[in-house]
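1. Dropping the sequence and predicted coords here.
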Amino acid sequence: MTTTRIAIASALAAALVLPAATQAQGNMERCYGVAKAGKNDCQTAKSSCAGTSKSDSQTDAWISVPKGVCDKLVGGKTTAG
Amino acid sequence: MPLALRDLQKAFAAHLSGEDQPALVAEILPAAQRLRIHRHHMLDSLGSALAATFPTVQAVVGADFFRRLARAFIGQSLPSQPVLAEYGAGFPAFVAGHHAARDLPYLADVARLDWALNLAFHAPADGRLAAADLAALPADELPSLRLGLAPGTVLVASPYPLDRIWAASQPGAAADPVDLAAGGVRLLVLRRPDDAAFVALSAGEAAFIAGLGEGLSLEEAAGRADTGFDLSACFARLLGLGALAAAQ
């Protein structure tokens, strides 16, 4: 075994014997969690009603101005290319 | 002359995704009004599915803009599977190439993060490697181990501060602006027992786990990281997060 390989083996082995509390930090460290509601693959109640809407917006021009939180995202490069 | 079944089905699909099919309307189903119900139904169902899968994209651009984006995507990419949660794999690439998003160059990366979280959320939660699983192994065998990534574990890198963009897009987030010039991130998306999540990685950690994902051994993957990389801390962190797959 080379010195490097011994060092790597030691580092990996050390990770396995870290106190349980330290290892558990992985589960408690700050994560951004996303819990989703299950998605029904029918969604009939809502969509059946939506389907009977008389307005057909298909030919409408693009609403080309986003109106979400992108207003909050500022600075840096804001155009592609 | 009636259309053959296959032609009827193709014409029906084309009509649903937005293009009127005169032959279909005239010869088979004269009730254009009723066909439009199908179209609305399909576009609304698929649009809602995309909004549920890409909530951050929708939050960033707003519901109206998102609906247009979704509709343009649906028109060129109908689902190939019956499960709506699996619909939208091509949406990030579509967003990247769409003219409407050219002023929002980070939007495709936001979509990639949403898609990774969606995949993670629907990945099985078990089958994660724990430190105890390796305890019986002699230390000198550890460097040559090839550990795969656990189901749902995906690296998402971006030149934009994706984590802050994501946080600012959550309901009830503070109105503080996010500086897009704050720098890029390497996020590790994970399946956790009850949800999907992501954590930010250092450059060394990201290089290490990318190497593992390519099938490299622990030693080879460690060689990918920069000199200041703390292999011990990183390995412990990945095990703690449940990011690695249990041995087969």
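-> Looks like it came in fine.
2. can we go C-alpha only for contacts and neighbour counts from here?
-> Will do.
3. shaky segments in the chain?
-> In the absence of a named chain, chain A is used. For chain A, the stretches flagged by pLDDT under 70 are A:1, A:19-65, A:76-81.
4. I was after chain B.
-> B:1-3, B:25-30, B:248.
5. Okay, helices next: where are they in it?
-> For chain B, the helices defined by DSSP state H occupy B:5-16, B:22-23, B:32-53, B:55-61, B:63-76, B:91-97, B:107-121, B:131-134, B:162-168, B:203-213, B:218-222, B:231-241.
6. Could you chop chain B up by domain?
-> Taking automatic domain parsing as the reference, chain B has its domains at B:31-122, B:125-248.
7. need those domains in CSV with distance to chain A and mean neighbour count, can you?
-> Formatted as CSV, the domains of chain B follow (distance: least, CA to the nearest CA, whole Å; neighbours: other CA atoms under 10 Å in any protein chain shown):
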stretch, distance to chain A, mean neighbour count
domain B:31-122, 4, 20
domain B:125-248, 4, 19
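8. Is it possible to get a markdown table of those that adds distance to residue A:73?
-> Below are these laid out as a markdown table (distance: least, CA to CA, whole Å):
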| stretch | distance to residue A:73 |
| --- | --- |
| domain B:31-122 | 9 |
| domain B:125-248 | 5 |
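9. Quick check: which of those domains is nearest to residue A:15?
-> Set against residue A:15 and scored by CA to CA, the domains of chain B come closest in domain B:125-248, at 4.8 Å.
10. Export the helices of chain B as TSV, with columns for distance to residue A:8.
-> Formatted as TSV, the helices of chain B follow (distance: least, CA to CA, whole Å):
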stretch	distance to residue A:8
helix B:5-16	58
helix B:22-23	70
helix B:32-53	41
helix B:55-61	40
helix B:63-76	48
helix B:91-97	38
helix B:107-121	30
helix B:131-134	15
helix B:162-168	31
helix B:203-213	13
helix B:218-222	7
helix B:231-241	8
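11. Out of the ones you listed, flag the one nearest residue A:66.
-> In terms of CA to CA, the element of the helices of chain B nearest to residue A:66 is helix B:55-61, at 4.5 Å.
12. which helices and strands sit right next to the lengthiest strand in chain B?
-> Across chain B, the longest stretch assigned as strand under DSSP state E is strand B:185-191. Under the contact criterion of 3 or more CA pairs under 8 Å, 6 or more residues apart in numbering or on different chains; DSSP states H and E, strand B:185-191 touches helix B:107-121, strand B:154-158, helix B:162-168, strand B:196-200, helix B:203-213.
13. Not counting its own residues, what contacts the longest one?
-> In other words, helix B:107-121. A:34-36, B:53-57, B:85, B:88-89, B:91-93, B:95-96, B:101, B:151-154, B:156, B:158, B:162, B:165-166, B:189-191, B:195-198 (CA atoms under 8 Å, 6 or more residues apart in numbering or on different chains).
14. C-alpha coordinates for it, CSV please?
-> The C-alpha trace of helix B:107-121 is given here as CSV (Å, rounded to 0.1, in the frame of the first residue of the first chain):
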residue,chain,number,x,y,z
LEU,B,107,-35.0,29.5,-15.1
ALA,B,108,-33.9,26.2,-16.7
ASP,B,109,-31.7,25.5,-13.7
VAL,B,110,-34.7,26.1,-11.4
ALA,B,111,-36.6,23.6,-13.5
ARG,B,112,-33.8,21.1,-13.2
LEU,B,113,-33.8,21.4,-9.5
ASP,B,114,-37.6,21.0,-9.4
TRP,B,115,-37.4,17.9,-11.6
ALA,B,116,-34.6,16.4,-9.4
LEU,B,117,-36.7,17.0,-6.3
ASN,B,118,-39.6,15.4,-8.0
LEU,B,119,-37.6,12.3,-8.9
ALA,B,120,-36.1,12.1,-5.4
PHE,B,121,-39.6,12.4,-3.9
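15. got the angle between that helix and strand B:185-191?
-> Put simply, helix B:107-121 runs at 30 degrees to strand B:185-191, going by axes from the mean of the first three to the mean of the last three CA atoms, to 10 degrees.
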